[in-house]
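Chemist: quick one, what's the 3D model for this:
(one chain, ligands or ions: 1)
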Amino acid sequence: MKTYRHFIAGEWVEPASGEWLDSVDPATGGAWCRIARGSQPDAEVAVAAARAAFRSGPWAEASAERRAALLHGLADILEHQWEALVEAEIRDNGKRITEVRAQFSGLHLWYRYFADQMLKIAPMALENDVPGVENIAEFEPFGVVAAITPWNSPLMIAAWKLAPALAAGNTAVIKPSELASASTLEFARLTALSDLPPGVINVVTGRGEEVGEPLVRHPDVGKVTFTGSDLGGCKVAEAAAGGVKPVTLELGGKSPQIVFADADLDNVVNGVLSGIFLSNGQTCVAGSRLIVDRSVHDALVERLVARVAGLRMGNPMQADTEVAPLANGPHLAKVLSMIEQAKGEGARCLCGGEQVHPPDCPDGFFVAPTIFTDVTPSMTLWREEVFGPVLAVTRFDTEDEAVRLANDSDYGLAAGIWTSDAARGRRVAGLIEAGTVYVNHYRSVSPGSPIGGTKRSGYGRELGPDAVKEFMQTKSVWLGTAPCADPFPGHAD
Ligand code: NAD
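Modeler: Next up, the predicted model:
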């Protein structure tokens, strides 16, 4: 079985505990590799390495232009060698090869975008009303950034954090999910081929409370960026608060999709399917609540059920697989239990609703794409994130009611609106409580577009033109250009 150690200061490092955690292949249910079970001493060594690289040596001395060149160098390696990362990700989290290949073949673009964004950041002359003085804003990195990532898209989400953090001049310690760390370690292997100095990128693995929390609490960590569940995010924010550290939280969602009667239903079917069943619903922006005008409800639901019935489930390594396994055993149990609860609370299950054992992966963690109708806002399925292939459908009669239903959630990450009335699309987009709203489209992400949530979906934004500054602090520098006035002229010597 393959063994993955921590990656610290360019070296592969044994865990201080001497202990390991098995990583399970969700397509087979069997362990396929083991990762270091990190703990506080490992977090300390990693932060010390990151701190040393930040304080002195080639990274500390690098100009923004040099950092950009180093990130483009890493991007060149990713652009040509991303295939080396694919297998580890699929064996860890079961994502379909088609999706992984699409994600990884573009991984280099995140690094290129933020390398270029950094070059647009310059000290800024500030307006001030004080005579005889100039005031300038300078932008400086925090130092060591702790980047904690979930299991669903470890490398893409790491890129969203690493690329702007490094462009800004920070160094980083990544703590991937203990359920899917291997691709991040394979990525670390590729970073070692680049000219990035050792210690700029470090990876420690293990459980959140055992190594993630000591990392967040470490006094030499200046900024924390977290993507994961709202529960995990609360714990991380609490730990960071003890050290008065800024945190960016990208958390869960229960994103609504509103379908008006005038929408193009062919387009809606594709958008809804990709929103909830692509990636098995294991995506933060999963469009998991479908709110449909009563007059088109039955026709739309019928078409959705027909489309998912024909999807091919099986081995995620096969290019023609359309539904892959869920990412891990505990998650499978959670999804199945939420399905049972929805049935118990009175929602009507039209398709799926059970575990499946495809012939080529009989022991894998598969759940059939599941559609529930007659879901009401009091039901758990309406309120809680499943993070799985489960769509909750309800009807509305008026635009006001649709907006009320969409906003009736503790979360506010994303939303979809489907209508052929452009003015209504823009109007309703303005009324939705969410960080991202798609109109007649769903699920795109792009380096230039900010992503983040409102309410329990988190705070702060990743990506977009301001992302590099999320990893910088502003210093106000006052430059005297005239003699200082005597503050006590009556008592001059
Ligand atoms: P999780 O919260 O269980 O774990 C996420 C990461 O946090 C893991 O690395 C874990 O080890 C670590 N962690 C957990 N407790 C910690 C603690 N006390 N201190 C430090 N680190 C800790 O989430 P998950 O199950 O891996 O991921 C699924 C969740 O992530 C879903 O809720 C999903 O919506 C969310 N997600 C959000 C986005 C987004 O951009 N908003 C993207 C992807 C996933």
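Chemist: wait, doesn't Tyr459 sit right on Glu470?
Modeler: No. Using C-beta atoms under 8 Å, Tyr459 is not in contact with Glu470; the gap is 11.1 Å. All C-beta atoms are positioned from the backbone trio N, CA, C, and that covers glycine.
Chemist: more neighbours, the two?
Modeler: Glu470 (22 against 16; other C-beta atoms under 10 Å).
Chemist: report the contact partners of the more buried one.
Modeler: Applying C-beta atoms under 8 Å, 6 or more residues apart in numbering, we find Glu470 in contact with Pro164, Thr225, Thr248, Gly460, Arg461, Glu462.
Chemist: please redo it, this time with the cut-off set to 10 Å
Modeler: By C-beta atoms under 10 Å, 6 or more residues apart in numbering, Glu470 lies in contact with 142, 161, 164-165, 168, 223, 225, 246, 248, 450, 452, 460-464.
Chemist: can you flag the buried ones in the residues you listed?
Modeler: By neighbour count, with 16 or more other C-beta atoms under 10 Å, those hold 142, 161, 164-165, 168, 223, 225, 248, 450, 452, 460-464 as buried.
Chemist: for these, which one is nearest Glu345?
Modeler: Of all those, Glu345 sits closest to Gly452, with 31.0 Å by C-beta to C-beta.
Chemist: now for Tyr459 and Glu470: what residues contact both?
Modeler: By C-beta under 10 Å, 6+ apart, the residues touching both Tyr459 and Glu470 are Thr248, Gly452.
Chemist: what about the ligand: which of the buried ones among the contacts of Glu470 touch it?
Modeler: When the buried ones among the contacts of Glu470 are filtered against the ligand using C-beta under 6 Å from any ligand atom, no residues are retained.
Chemist: can I assume Tyr248 sits in a helix?
Modeler: Careful, residue 248 is Thr and not Tyr. No. Counting by DSSP: H, G, I helix; E, B strand; the rest coil, Thr248 is not found in a helix; it is strand.
Chemist: which residues touch the residue nearest to it when sequence neighbours are not counted?
Modeler: Distance criterion C-beta to C-beta, 6 or more residues apart in numbering; nearest residue to Thr248, sequence neighbours excluded, is Gly460 at 3.4 Å. Contacts here follow C-beta under 10 Å, 6+ apart; on that basis Gly460 touches 225-226, 246-250, 435, 450, 452-453, 467, 470.
Chemist: could you find the closest non-adjacent residue to Asp92?
Modeler: Ranked by C-beta to C-beta, 6+ apart and with sequence neighbours excluded, the top spatial neighbour of Asp92 is Ala180, at 3.9 Å.
Chemist: who are the contact partners of the one you found?
Modeler: Per C-beta under 10 Å, 6+ apart, neighbours of Ala180: 23-24, 26, 35, 88-89, 91-95, 149-155, 327-328.
Chemist: if we go to 6 Å?
Modeler: Applying C-beta atoms under 6 Å, 6 or more residues apart in numbering, we find Ala180 in contact with Asp92, Asn93, Trp151, Pro154.
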